[in-house]
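**Q** would you be able to build a 3D model of this:
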Amino acid sequence: MTKHVFIPDTQITPGSDIQHIIAAGNYINDKKPDVVIIGGDWWDMPSLCSYDKPGSKGWEAKDVQEDYDAGCLGMDRFLTAVRGRGKNIHTPRIIMLEGNHENRIHRAAEDPHNSKFRSFLGTQVFELDKYSLSIEYNSFLEIVNVDGIMYSHYFLNPDSLYTNAIGGTIENKLRKLGHSFTMGHQQHKQTGAIYTATGERRVGLVCGRFYQEDLDYLGPQKNKQSWSGIFMKLLS
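**A** This is a model prediction of the structure:
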């Protein structure tokens, strides 16, 4: 039996509590899955949010280097826990999907006003190659098929001309995408399955939250309705 662990969006910012991320690493070391998929938006990068403009609330307090460092600290603590030590060494296959928050770095680098910062604005500053556990990094919205399951930060609706994340029920997503899949990005949790006319079972999972803080833009109700956690999958 093959085991996958899926880590939804962590959106780490300077000052974020990362104890749950370390706990997830310890859990992975204990359960020893074959594959760990990091679903994207590990780095939140609020300093590069396109909605923030000079003069907006808190704009002057944000710092790109601090955003980089916060996510790097979380990754370092997480991978240290995953690998373990002594007799508990674990080296799973680790796949990272770039999310729209990491993609802010590329969009900022492409802005002509930031041309002199292009060597600084890049995912190479994550230094993912420095870890003893190798990480397969995949570009934003690239689809990775692992053991028959499609993984991406999110999927586009193939029937739409727009580039928004596919919406609707989990059954709608499965029918539109035509394949078993897992995605993050959306804070709610959706799980489900459908069967084709030939009896093929297709399963879907949506979850885009693995953090403890409430987000201002979600408001008090949606923060309470957002499920947070990680997933262990058993594939026969």
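
**Q** burial measure for Gly229, as a count.
**A** 13 (other Cβ atoms under 10 Å). Where you see a C-beta, it was placed from the backbone N, CA and C, and this is true even at glycine.

**Q** ok, and the closest non-adjacent residue to the residue positioned nearest the centre of the chain?
**A** The geometric centre of the chain, computed from its C-alpha atoms, lies nearest to Gly40 (Cα atoms, centre = their mean), at 2.2 Å. Spatial nearest neighbour of Gly40, chain neighbours left out: Gly99 (2.7 Å); criterion: Cβ to Cβ, 6 or more residues apart in numbering.

**Q** where's the one you found relative to Gly84, distance?
**A** Separation of Gly99 from Gly84 (Cβ to Cβ, to the nearest Å): 27 Å.

**Q** next one: Arg77
**A** Arg77 is 13 Å from Gly84, where distance means Cβ to Cβ.

**Q** now the longest helix seen in the chain: buried residues?
**A** Identified as the longest helix of the chain according to DSSP state H is helix 64-83. By neighbour count on 16 or more other Cβ atoms under 10 Å, the buried set for helix 64-83 is 64, 67-68, 70-72, 74-75, 78-83.

**Q** hmm, back to that, would you confirm that the residue nearest to Gly40 contacts Thr10?
**A** No - with contact defined as Cβ atoms under 8 Å, Gly99 does not reach Thr10; the gap is 9.6 Å.

**Q** give the residues shared as contacts by those two.
**A** Counting by Cβ atoms under 8 Å, 6 or more residues apart in numbering, the shared contacts of Gly99 and Thr10 are 41-42.

**Q** more neighbours, the two?
**A** Of the pair Gly99 and Thr10, Thr10 is the one with more neighbours under other Cβ under 10 Å, namely 31 against 28.

**Q** for that one, give its distance to Ile22.
**A** Taken as Cβ to Cβ, the span from Thr10 to Ile22 is 12 Å.

**Q** next, the distance between the ends of stretch 148-168.
**A** 23 Å (Cα to Cα, to the nearest Å).

**Q** any idea how far that stretch is from the middle of the chain?
**A** Centroid displacement of stretch 148-168 relative to its chain, using Cα atoms, centre = their mean, to the nearest Å, is 15 Å.

**Q** buried residues in it?
**A** Buried residues in stretch 148-168, counted by 16+ other Cβ under 10 Å: 149-155, 157, 165-166.

**Q** likewise stretch 35-45?
**A** 35-45.

**Q** could you verify my assumption that the residue nearest to the centre of the chain touches Gln186?
**A** No - assessed by Cβ under 8 Å, Gly40 is found out of contact with Gln186, at 11.9 Å.

**Q** show me what contacts the spatially closest residue to Glu142 that is not a sequence neighbour?
**A** With sequence-adjacent residues excluded and distances taken as Cβ to Cβ, 6+ apart, Glu142 is closest to Ser152, at 6.7 Å. Counting by Cβ under 8 Å, 6+ apart, Ser152 touches 97, 141-144, 181, 183.

**Q** in those residues, which residue is surrounded by the most others?
**A** The most crowded member of the contacts of Ser152, judged by other Cβ under 10 Å, is Leu97 (30 neighbours).

**Q** got the contact list for the closest residue to it other than its chain neighbours?
**A** Nearest residue to Leu97, sequence neighbours excluded (Cβ to Cβ, 6+ apart): Gly40, at 4.4 Å. Gly40 makes contact with 9, 96-102, 140, 153, 184-185, according to Cβ under 8 Å, 6+ apart.
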